[in-house]
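Visitor: Quick one: sequence and predicted model below, then my questions.
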Amino acid sequence: AIKVANLAELVPAPLFNSPEFTKFLLKYCKESHIDIVIPIIDRATIALAKASSQLKDIDVMSVVCSLEISEIMADKVRSDEFFKRLGLKTPQHDEFPLLAKPRFGASSRGIVKLHDKEEFDFWKKRNKVEDFMVQSFIVGKEYSVDAYVDAKKRLLGSVSRVRNIVADGEVMISCTERNEKAILITEQLLKEGNWYGPLTVQVIDDGQDLWIIECNPRFGGGVTLSIEAGLNIPEWILRESLGLALPEKFINWRDGLCMTRTRKDYFLWL
């Protein structure tokens, strides 16, 4: 194990999809006296959902949705079908330009923009279409909606924020901005399925319609902005773990809180 600033450690472990992962996780939680387990990438949500009932038997709290929801949301094709069943608007599949996204991809890796049928046919000869989610490219303002569902299936709060600048799939500049349609879409989505814990819904507003792109049933990369705005997910998780009361009223928050990040090397001659 590698200590990180005396606050955390990186621990070698089996792959999330390994048959040995659940056994490893149970053993590690027992030996290290772990109280709460929280996934932060898609593959981890599935692995934790599979282990959650056994973790509960040893009094470890798993902050994760059901296995069904975790698997659907990790698969862009199945999640698109799920959204459509709820009557939510998703991008079409036959209007150029198109975006081809790896079906089980993350952080915008491997996405290809196809401008016309000639490009699409050329790409299709070299790739298996069934391994991708192919959708029309939507131009508009990108929003993320961070939310939290407690163990009683109550939505405690949601915050919509603009994804102003994105690098490698991660938001670098984001500002809170209330978009009632985006918040309503999130509420509609959470009425179906066994949701629990933090989640982030991504939508695009083209000025006329709002299109749902995906939902990550875990902390989103820019969730710290929503936490600062009042979506106090860390406190709620701790209160649930301790059996303490959670807020009865939906949270209030304001537009205009901005978060900036840097991912840059700095050089200085001494």
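Guide: All right, it came through fine.

Visitor: As a check, name the ranges of all strands in this protein.
Guide: Secondary structure of the chain (DSSP state E): strands at 2-4, 8-10, 36-37, 61-62, 98-102, 112-114, 132-136, 141-149, 155-167, 170-176, 197-205, 210-216, 258-260.

Visitor: among the ones you listed, which gets the worst mean confidence?
Guide: Lowest mean pLDDT within the strands of the chain: strand 2-4, a mean of 67.

Visitor: Provide a list of residues in contact with the closest residue to Asp94 other than its chain neighbours.
Guide: In this structure, Asp94 finds its nearest non-sequential neighbour in Ser136, 7.3 Å apart by C-beta to C-beta, 6 or more residues apart in numbering. From N, CA and C alone the C-beta is placed, and that goes for glycine too. For Ser136, the contact set (C-beta atoms under 8 Å, 6 or more residues apart in numbering) comprises Pro91, Gln92, His93, Asp94, Glu95, Phe96, Pro97, Leu98, Leu99.

Visitor: Same list, those residues, but as a markdown table with distance to Trp211 please.
Guide: Output for those, formatted as a markdown table (distance: C-beta to C-beta, whole Å):
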| residue | distance to Trp211 |
| --- | --- |
| Pro91 | 6 |
| Gln92 | 10 |
| His93 | 13 |
| Asp94 | 15 |
| Glu95 | 12 |
| Phe96 | 16 |
| Pro97 | 15 |
| Leu98 | 14 |
| Leu99 | 12 |
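
Visitor: Out of those, which one has the weakest pLDDT?
Guide: Asp94 (82).

Visitor: how many neighbours does it have?
Guide: 8 (other C-beta atoms under 10 Å).

Visitor: got it, and the one 10 residues further on?
Guide: As a burial measure, Phe104 scores 14 neighbours (other C-beta under 10 Å).

Visitor: residues in contact with it?
Guide: Asp42, Ala74, Asp75, Lys76.

Visitor: If we ignore the residues flanking it in sequence, what's nearest the first one?
Guide: Using C-beta to C-beta, 6+ apart and skipping the chain neighbours, the partner closest in space to Asp42 is Ala74 (4.3 Å).

Visitor: sorry, back to before: from the contacts of Phe104, which ones fall inside helices?
Guide: Those of these mapping onto helices are Asp42, Ala74, Lys76, per DSSP state H.

Visitor: My read is that the last one contacts Glu214, right?
Guide: Yes: with contact defined as C-beta atoms under 8 Å, Lys76 reaches Glu214; the gap is 6.7 Å.

Visitor: returning to that earlier point: okay, the contacts of Phe104 in CSV with neighbour count, pLDDT and distance to Asn6 next?
Guide: Listed next are the contacts of Phe104 as CSV, based on neighbours: other C-beta atoms under 10 Å; pLDDT from 0 to 100; distance: C-beta to C-beta, whole Å:
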residue, neighbour count, pLDDT, distance to Asn6
Asp42, 21, 93, 29
Ala74, 22, 96, 33
Asp75, 17, 96, 38
Lys76, 20, 96, 39
